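Student: Quick one, structure for this:
(chains A and B)
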Amino acid sequence: MSTLIKPHLKISDVGKIYATQEGKKIVALQNVNLSVQRGEFISLLGPSGCGKSTLLNLIAGFQNPTTGAVIQNGVEVLEPNATRTVVFQDYALFNWMTLQKNVEFGLKAKGMTKSERAEVARDFLARVQLAGFEDKLPHEVSGGMKQRAAIARAMAPDPEILLMDEPLGALDAQTRVLLQEEISRLTSEGNCTVIFVTHGIDEAVFLADRVVVMSPRPGRIREIVTSDLGFPRNAASRTDPWFVRTVNKLWETLKPDWQKEEKENA
Amino acid sequence: MTSQITVTTVLPQAKIKVKKPSALRRKFMLNMIGLWSVLLLWQALAGLGIINSFLLPAPTDVVVALWNLAKDGTLFVHLAASLKRIVFGYLLACAIGLPLGFLCGWSRTAAELIRPIIEALRPVPPLAWVPIAILWFGLGDMSAYFLVFLGCVFPLFFGAYTAVRSIDRNQINAALCLGASRKLLFVDVLFPAALPIMMPNLRLALGIGWMCVVTAELIAAQTGLGYLIQQSRMLFQINNVVAGMVAIGIVGFIMSAAVEKIERHVNAWSPSERS
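Tutor: Okay, the predicted model is just below:
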């Protein structure tokens, strides 16, 4: 029965140090500890340089931590596999494949038969409102549609953990709001755990069960906010007093970091 | 959403694609005027006896010579010999250059091991290999294959090498996190992602290969279009020399046009290549 108590994903004392070209060492992450339960939606929120994307890469298995470990179901994560799929900010769709074939890719990798994966992929494209666009190539559709297809591609192989790396960062404000609601709907339908990296406060609070706030240099967890919002998350959630209060509070918390970032970039 | 697509992607493409027919016709007319005026000038100078027809025959004489060579089949025998050589030599170069390029693009260790060898051999022009080719393989097909191979293999290697290195890391990561095996990663992701970047080099290599065939046949073969013009020179058949050159030019042009057509097809998904 101990497996039930074990967290789905455990980030255990994780640190990541990069060496720059001049040999200088940069501490991207330091002493990060986090336990995530199955089906939880976690937003990783923070200014740039707080290591939130690095943490996501470590969870995906694209890189390995310098110290500590990422543990999924009691097993250390060392390389990427299909139980943890990723949605990238720049979509990373396979440009030479139709949207349909893109979504089929993970199913093909799983060894699903041709007709089976065609059906599953069509179903997922319909779920992200892309019915009728199956045979389009990525460059023929808008950015929002590309990201919908990328979400379908990541969800189709039925991953345990869905990792989203600022997926809405490249989209315009209206599309972003639409997709936030859709991501919330899609992920609450399934039972996969979601790690959502963003620097948008309202986005993080709108989507998450828990918002993990990070701070930079070295990247570490500053605080964790557990959501009071119910489901479904929609326009009404944005006027919920708790939502408004939390967004304002987080803004006050993070403001110094952002101001510092702006000065450094100037 | 739909309105957004039409605005952002369809319009600019439409602008590029729908070139006005009159503009195209104008371009074609200008091309033709340029080409024909040179031919007419050449014909006139030859007809007036200003050009010694022993050194350069009139265009009409060249056409007649080409026709005669085609009629008795000589042209096609030599053409077939040349084509066989470029095809084999090119495929051999692909079979060795492309995998090596992919390997070096993928693995830093392999690149460190293999690149110095390539860099050492590359500056030697294929023509400089002719004596040793004859020594090793004698006169004939083998020498020609070898020289075509040498001409093609370096651009093919570098095409594959740079292509793999310039593939978006996120696309590889996307494939890996979706559970792609090595084979699926290569066949469905690396190769198609690399192909449009490699295409210009595939075409370049074919052009160099064709030059190498002709060079090899001038010296180290007893068939082929290169041999045809060399033999015609020795027999003082200047008309056949120029006819052979024209044939070489036409075949080169057709090959490059065919590859360009394939290139356009391959690049259909890559909007930057559309114009």
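
Student: make it CA atoms for all contacts and neighbour counts henceforth
Tutor: Will do.

Student: The chain: helices as residue ranges?
Tutor: Answering for chain A, as no chain was given. A:2-5, A:52-60, A:99-109, A:114-127, A:143-155, A:173-189, A:201-207, A:241-265 (DSSP state H).

Student: oops, chain B please
Tutor: Under DSSP H, chain B gives helices at B:2-5, B:11-17, B:21-47, B:59-71, B:74-106, B:108-121, B:130-137, B:141-165, B:169-177, B:182-184, B:191-220, B:225-234, B:238-266.

Student: which stretch in these is the model least sure about?
Tutor: Among these, helix B:2-5 carries the lowest mean pLDDT, at a mean of 40.

Student: I'd say A:K136 and A:L99 touch.
Tutor: Yes. Counting by C-alpha atoms under 8 Å, A:L99 is a contact partner of A:K136 at 6.0 Å.

Student: Between these two, which is the more surrounded one?
Tutor: A:L99 (29 against 15; other C-alpha atoms under 10 Å in any protein chain shown).

Student: Looks like that one contacts A:R148 (just checking).
Tutor: No. When contacts are counted by C-alpha under 8 Å, A:L99 is not listed as touching A:R148 (9.8 Å).

Student: Distance check, A:A150 against A:R220.
Tutor: 29 Å (C-alpha to C-alpha, to the nearest Å).

Student: Then A:S237?
Tutor: 29 Å.

Student: which one of these two has more residues nearby?
Tutor: Higher neighbour count among A:S237 and A:R220: A:R220, with 25 against 18, using other C-alpha under 10 Å.

Student: Report how many residues lie close to B:V259.
Tutor: 17.

Student: Repeat that for B:P123.
Tutor: 9.

Student: Let me know the pLDDT of it.
Tutor: On the pLDDT scale, B:P123 gets 92.

Student: that older thread, any idea which of the helices of chain A gets closest to B:W210?
Tutor: Across the helices of chain A, B:W210 has its closest neighbour in helix A:99-109 (38.1 Å, C-alpha to C-alpha).

Student: and that closest one, what does it pack onto?
Tutor: On a contact count with 3 or more C-alpha pairs under 8 Å, 6 or more residues apart in numbering or on different chains; DSSP states H and E, helix A:99-109 meets helix A:114-127, helix A:143-155.

Student: Pick the most buried one from the ones you listed.
Tutor: Among these, helix A:143-155 has the highest mean neighbour count (mean count of other C-alpha atoms under 10 Å in any protein chain shown), at a mean of 26.

Student: by how many degrees do it and helix A:173-189 diverge?
Tutor: On the basis of axes from the mean of the first three to the mean of the last three C-alpha atoms, to 10 degrees, helix A:143-155 is oriented at 20 degrees to helix A:173-189.

Student: for helix A:143-155, the distance to its chain's centre please.
Tutor: Helix A:143-155 sits 13 Å away from the centroid of its parent chain (C-alpha atoms, centre = their mean, to the nearest Å).

Student: what mean pLDDT would you report for that helix?
Tutor: On average, helix A:143-155 scores 94.

Student: got the contact list for the residue nearest the centre of chain A?
Tutor: With distances taken as C-alpha atoms, centre = their mean, A:M164 lies nearest the centre of chain A, 2.1 Å away. Contacts were defined as C-alpha atoms under 8 Å, 6 or more residues apart in numbering or on different chains; by that measure A:M164 touches A:V86, A:V87, A:F88, A:Q89, A:V194, A:I195, A:F196, A:V197.

Student: Kindly recompute the last result at 10 Å.
Tutor: Counting by C-alpha atoms under 10 Å, 6 or more residues apart in numbering or on different chains, A:M164 touches A:43-44, A:53, A:56, A:85-89, A:151, A:154, A:194-198.

Student: from these, which would you call buried?
Tutor: Buried members of those, counted by 16 or more other C-alpha atoms under 10 Å in any protein chain shown: A:43-44, A:53, A:56, A:85-89, A:151, A:154, A:194-198.

Student: Kindly indicate which of those lies nearest chain B.
Tutor: Using C-alpha to the nearest C-alpha, A:T85 comes nearest to chain B of the buried ones among the contacts of A:M164, at 5.2 Å.

Student: Roughly how far does that closest one sit from B:S53?
Tutor: 74 Å.
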